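Colleague: fold the following and give me the result.
(one chain, ligands or ions: 3)
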Amino acid sequence: MTPGHPLDLSVYLVTDAGLCGERGVADVVSEAVAGGVSIVQLRDKHATSEQLLVQLAELARVIDGRAAFVVNDRLDAVLAARRRGIRVDGVHLGQGDAAVLEARAALGPDAIVGLTANTPAHLAAVAELPPGTVTYLGVGVIRPTPTKLDHPPALGIDGFAEIAAATGLPCVAIGGVGLADVAELRRADAAGVAVVSAICAAPDPSAAAREFADGWAAAAPMPTGGRGRAEPVKGMPGVPRVLSIAGSDPSGGAGIQADLKSISALGGYGMAAIAALTAQNTRGVRSVHVPPAAFLAEQLDAISDDIDIDAVKIGMLANADVIDAVASWLRRVRPPVVVLDPVMVATSGDRLLDLDAERALRSLLPLADLVTPNIAELAVLAETEPATAWTGIVAQAEVVSAGYGVRVLAKGGHLDGATVPDALVDAVNATIVEFSGDRIETTATHGTGCSLSSAIATLRISLGGWEPAVDEARRWLRESLRHGEELHVGGGHGPVHHFAGLWSRGGIATAPTASEVEAAWWGEIAELRARIDSLPFVRGLADGTLPPDVFEEYLAQDAHYLRSYSRVLAEASRLAPEAPEQAFWAACAQHCLDGELEHHHDRLGDPGVDPVRPNAVNTAYLDHLVASAARGGYAELIAAVLPCFWIYDDLGRRLIAGDLGPAARSPEHPYADWLAMYGDPAFEITTRQAIDTVMAVASRSTPEVRGRMLRAFRRSAECELAFFAFHAAPGCRT
Ligand SMILES: Nc1ncnc2c1ncn2[C@@H]1O[C@H](COP(=O)(O)OP(=O)(O)O)[C@@H](O)[C@H]1O
Ligand SMILES: Cc1ncc(COP(=O)(O)O)c(N)n1
Ligand SMILES: [Mg+2]
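Modeller: Ligands and ions are numbered 1, 2, ... in the order given. The predicted model follows:
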C-alpha cells in the first residue's frame, strides 16, 4: 500500500501454489497484477520460513508496487522480510493465527492487518479492539469451495451482506466467489472479492484478473460512499494546484503536455506557463522557438496574482533570459514546493538548452527543493564528466546537493543493466534513499523525466514527504512505462501511457479481445469441469462400467432436452443480427434433431411422441435457456447455449483420446457410438464456430452485457454438471 492512498481491495488474489502449477506463483501473480488485481495475499501453508522469505522477495519484485501485498498468517515472515528491505504491506490473520493486536503493534499504524471473520461472535470480538487495529475483514465462505477444505458453512451473498452491514470495517468476500457474483457482492457492500482458482488455475491469469476488475468496475457503485470501503487517510489536503513552467512538445509525450497529463493522472489540478515551443515528435527535435522572456513573466504573474500555487515543476527553459525571468518570479512568489528538472538534452539526444544558459541554470538550484537530473545533466551540474557506474552517480549527486543546498534525485534511466536505480540524495540532512526496480523493456521512454518530476511535485503536496512522493511517482511511472507501447504513438521513442493505471481501474476499461474472453470464461468454469470429470457417471462412461439402464435413462432425458434445445437454437437464429450467424444457429438447430436426437432414437427406439417426463434438473436447465432469451436477447442466449457445445466437445475428445481412462478408446466399448458422436472432428469444428461467434459478440459488448453473458454461460455449465450428476449416483432413477 502506498502511504496516503486508499487501500484498494477490489480484486484480491489469494495464491495457491498447487493451482498455479508449473508456471509458478510469481509468474501467475505478475500476470494477475498486470490484469488488474489490486491486492495479493501469499498463502502457503507448507513453506519453511526460509522458503517463505525467498517467495516474498520474488513476489515483491514482480508486484513492483502495482498492488498491495500481504502474507497469510506468518507475521514472523513479514517482519523478517521488512528487515531485509522487502516491500510487504502487511498480514492476513485467521481466527486461529497470531493476535491482531500483536501484529498491529509489530507492524505499525500504516501496515495492513486483515482478519478472517464470519460469525457474530467474531464481529463482537473485533468491535472490542482499539480503532485502527484491523484494516479489513475477510468474510466467507460465500459458496462451498475446494480450495479451502476446512471452510465454515457457506454464507451465500445474503449472509455476507448481513455481516458487512454489522461492521464498520471494509469486508472482502472470500471463498467460492465466481465472476458472476462480483456485481451482486459489490451491491452487497463488499469492499472487494477474493479469488483463488478462477485466477490461479486460469489458462490466462491476466485475462481472468481483467474480467474480475472489469466486472467490479461495471457493477453499480454504491449510492453513498463510505462504509465498506477503505477511506483515504485523514488529513489529506485538497487537490494540489501544480504549475508547470516548461517547453511545449506538440507530439504530447514530453514537456508541458506530459506535465499536465502527469499532474492530472496523480490527482492534481494542472497549470502551464509555456517557456519555449519545440517542433518535435517521437524521433527528435526539429526546431525551437523561444517567445520573449518578458511574456513568460506576464504568464507567471497572471497565474500567481490570482491562484494559490501549491507546487511548481520547472522543465525546459531554453536560454539565460528565460531562466532569469523564472528566478526572479520564484524569489517573489516562493511557492511551497519547487521541483526543477534541469532539462538540457532530450531522450532523442537533441540539446534543449543554450550552452551559455547552463551556468544560469545553476543560479536556480538554490531556489528549488528538489532537482532531478539524468546522468548527463548531473555531470554538467557537478562540473565533471558523466559517471558510468551507479556509485559514481550517487557521489556526483552528493557533490551537487552539498554545493547548492538542494535535494537531488539522481536518475539511472540511462544506465545499461537489468535494474534501473534512482537515489534521493540530501547532503544537508546526510540522507541517501535508493529506489530500484527491474528495467522495463520498452521503446516508450519519451518524456519519462518530465513526467516523473511533475508527478513528484504533485505527490509531494498530497503525500506530504519527499520519500513517499518519489516512491509513488516511480510506481506510477513504471506502470505508465509498461503500457506506453499500447498507445502506438510515433515510430521513435513513444510516450509513456500516463493514464494506464487509471483507465484499467475502471474509469475507461479497454475492451478485452475475443481470445481473452474465451480464456477467462473457460477458466471461470474450470472448477465445474473438474467436478464433471470426477462424477461416477462420467467415470463409468469412460471405463464402460456405467450400467445400461442408467445410460438409457440419461439418453431419454437428453432426448427430451435436445428437442427443446433445438427450439432454443432456432430462437438464436431468429434473433441473430447478421445472416451468417442466423444460418449457423439454424444449422445447429437442425443438427440437434437429425444428428444427436437420431442417435438417441437409434439406441432407445423412436418413441414418436415424447414419453419422458423431464426430471428437475432438465426442467431447470431448459427454463434457464428460455429465460436467457427472454431476458437478455441474442447475446445472453448464445452465451447460455454455448456450454452444451463446449463441454460435450471437450469431454468427448478427451474420452476418445483415453485421457479419462484407456477403455474409451476400445471399439468394444458399450457406448462407442455415443463417444464417437461427441469426439467427432465435425462436432469440434461446429463447436469452434459456436465459441468464436459467442466470443466475438462478448468482446464487442459493454462490460455490463459481457457480465450478464458470463453469468448465463456459467449457469448453463452448472446445469450441465447437475444433468450428469443426476444420473451418477447408484440407485438414482428418474
Ligand atoms: N526502461 C526503464 N525501465 C524502468 N524505469 C525507467 C526506464 N527508463 C527510465 N526509467 C525511469 O524513468 C525516470 C527518468 O529517468 P531518466 O531516463 O534517467 O531521465 P530523463 O528522462 O530525464 O533522461 C527514472 O525514474 C528512471 O528510473
Ligand atoms: C519540451 C521538452 N521538454 C523536455 C524534454 C525532455 O524529455 P525527457 O523527459 O525524455 O527527458 C523534451 N523532449 N521536450
Ligand atoms: Mg529529462
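
Colleague: how much space separates the residue of the stretch 501-650 of the chain found nearest ligand 1 from I685?
Modeller: In the stretch 501-650 of the chain, the residue found nearest to ligand 1 is G501; the distance is 15.2 Å by CB to the nearest ligand atom. All C-beta spots, glycine's among them, are computed from the backbone N, C-alpha and C. As judged by CB to CB, to the nearest Å, G501 and I685 stand 42 Å apart.

Colleague: looking only at neighbour counts, state which of the two leads.
Modeller: Using other CB atoms under 10 Å, the more surrounded residue of G501 and I685 is G501, with 20 against 11.

Colleague: what count of nearby residues applies to the closest residue to that one other than its chain neighbours?
Modeller: Nearest non-adjacent residue to G501, counting by CB to CB, 6 or more residues apart in numbering: E479, 4.8 Å away. Other residues near E479 come to 23 when the count uses other CB under 10 Å.

Colleague: which residues are in contact with E479?
Modeller: Residues in contact with E479 (CB atoms under 8 Å, 6 or more residues apart in numbering) are 66, 500-501.

Colleague: rerun at 10 Å
Modeller: If you count contacts by CB atoms under 10 Å, 6 or more residues apart in numbering, E479 has them with 33-34, 64-66, 265, 440, 496-498, 500-502, 504.

Colleague: from L555, how far out is H600?
Modeller: Distance of H600 to L555, computed by CB to CB: 5 Å.

Colleague: quickly list what's touching both of the two.
Modeller: 562, 674.

Colleague: A423 falls within a helix, correct?
Modeller: No: applying DSSP: H, G, I helix; E, B strand; the rest coil, one finds A423 to be strand, outside a helix.

Colleague: beta partners for it?
Modeller: Beta-bridge partners for A423, by DSSP bridges, are A410, E434.

Colleague: quick check, it in contact with F435.
Modeller: Yes: using CB atoms under 10 Å, A423 makes contact with F435 at a distance of 7.2 Å.

Colleague: quick one: the helices in the stretch 51-200 of the chain?
Modeller: Under the criterion DSSP state H, counting those that start in this stretch, helices of the stretch 51-200 of the chain are mapped to 75-83, 100-107, 120-127, 156-165, 182-187, 197-200.

Colleague: which of those sits most buried?
Modeller: Ranked by mean neighbour count, the helices of the stretch 51-200 of the chain are led by helix 197-200 with a mean of 26 (mean count of other CB atoms under 10 Å).

Colleague: what does that one contact?
Modeller: Contact partners of helix 197-200, identified using CB under 10 Å, 6+ apart, comprise 11, 13-21, 23, 25, 28-29, 31-32, 35, 37, 145-147, 176-179, 205-209, 211-212, 520, 523-527, 530.

Colleague: narrow the residues you listed to those in strands?
Modeller: By the criterion of DSSP state E, membership of these in strands covers 11, 13-14.

Colleague: and A99, how far from S573?
Modeller: 63 Å.

Colleague: which positions in the helix or strand of the chain with the lowest mean pLDDT come out as buried?
Modeller: Lowest by mean pLDDT, DSSP states H and E among the helices and strands of the chain is helix 598-604, with a mean of 75. Across helix 598-604, burial judged by 16 or more other CB atoms under 10 Å covers 598-600, 603-604.

Colleague: quick one: which two of those are the most distant?
Modeller: Farthest-apart pair in these is E598 and L604; separation 10.9 Å (CB to CB).

Colleague: near ligand 2, which residues of this structure are found?
Modeller: When proximity is defined by CB under 6 Å from any ligand atom, the chain lies next to ligand 2 at 246-249, 254-255, 278, 315-316, 343, 346-347, 352, 446-450.

Colleague: among the residues you listed, name the buried ones.
Modeller: 246-249, 254-255, 278, 315-316, 343, 346-347, 352, 446-450.

Colleague: wait, I142 touches V193, no?
Modeller: Yes: contact criterion CB under 10 Å: I142 and V193 qualify, at 8.6 Å.

Colleague: which neighbours do these two share?
Modeller: What both I142 and V193 touch, as defined by CB under 10 Å, 6+ apart, is the set 173-174, 177-178, 181, 185.

Colleague: by neighbours, which of the residues you listed wins?
Modeller: When neighbours are counted by other CB under 10 Å, A173 leads the shared contacts of I142 and V193 with 31 neighbours.

Colleague: who does the longest strand along the chain pair up with?
Modeller: Taking DSSP E as the criterion, the chain has its longest strand at strand 269-280. Take DSSP bridges as the rule and strand 269-280 pairs in its sheet with strand 241-248 (parallel), strand 285-289 (antiparallel).

Colleague: show me what the following helix or strand past the longest one is packed against.
Modeller: Okay, so that is strand 241-248. Using DSSP states H and E, the helix or strand that directly follows strand 241-248 along the chain is helix 255-265. In terms of contacts (3 or more CB pairs under 10 Å, 6 or more residues apart in numbering; DSSP states H and E), helix 255-265 is packed against strand 241-248, strand 269-280, strand 311-314, helix 448-463, helix 466-483, helix 500-504.

Colleague: who's in contact with G270?
Modeller: Per CB under 10 Å, 6+ apart, neighbours of G270: 240-244, 256, 259-264, 313, 454, 458.

Colleague: just flag the most distant two among those.
Modeller: Farthest pair in the contacts of G270 (CB to CB) is P240 and I256. Separation: 17.3 Å.
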